[in-house]
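K.L.:
quick one: sequence plus predicted model below, questions after.
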Amino acid sequence: MQKLKVIYEDNHIIVVEKPVNIPSQGDKTGDCDMLTIIKEYLKEKYDKPGNVYLGLVHRLDRPVGGVMVFAKTSKAAARLSEQVREKVFQKTYLVVVNGKMEQEKRNFRGLFVEK
């Protein structure tokens, strides 16, 4: 089981660091995913029998590492999902590049984009 880096946790949410190459949720590969890792963490930490509820609020692609927020209750999941839909929940992306990108691959904010 993957070691989980918890950044913040309360009764409603858990914020964790997702390592690169770990899927946010299960897929056809059957590889260990963040939902499974966090559910196992919660099950062990709180000695919970049976299934553990965990709401996926947003995803990060498998090759991407970063901070993710998960809901520990259905009420928190509904509220956070609404915030994502209403664009209240803000995401910031930082890209680390090795080497130099061509100037024409930058968009109007100076960020790199694919052609």
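P.N.:
In hand now; what should we look at?
K.L.:
and the helices in the chain?
P.N.:
Assigned by DSSP state H, the helices in the chain fall at 34-45, 74-85.
K.L.:
return the most buried member of those helices.
P.N.:
Of all these, helix 34-45 has the most neighbours on average by mean count of other CB atoms under 10 Å, namely a mean of 17. All C-beta spots, glycine's among them, are computed from the backbone N, C-alpha and C.
K.L.:
so how far is it from its chain's centroid?
P.N.:
Mean C-alpha position of helix 34-45 versus that of the full chain (CA atoms, centre = their mean, to the nearest Å) differs by 14 Å.
K.L.:
repeat that for stretch 54-68.
P.N.:
Between the centre of stretch 54-68 and the centre of its host chain there is 2 Å, according to CA atoms, centre = their mean.
K.L.:
buried residues, that stretch. List them.
P.N.:
By neighbour count on 16 or more other CB atoms under 10 Å, the buried set for stretch 54-68 is 54-57, 60, 62, 68.
K.L.:
wait, doesn't L60 sit right on S24?
P.N.:
Yes: counting by CB atoms under 8 Å, L60 does reach S24; the two are 5.7 Å apart.
K.L.:
shared neighbours, those two?
P.N.:
Jointly contacting L60 and S24 under the rule CB atoms under 8 Å, 6 or more residues apart in numbering are 18, 68.
K.L.:
before we move on, back to that, for N11, find the nearest of the helices of the chain.
P.N.:
Of all the helices of the chain, helix 74-85 sits nearest to N11, with 8.6 Å by CB to CB.
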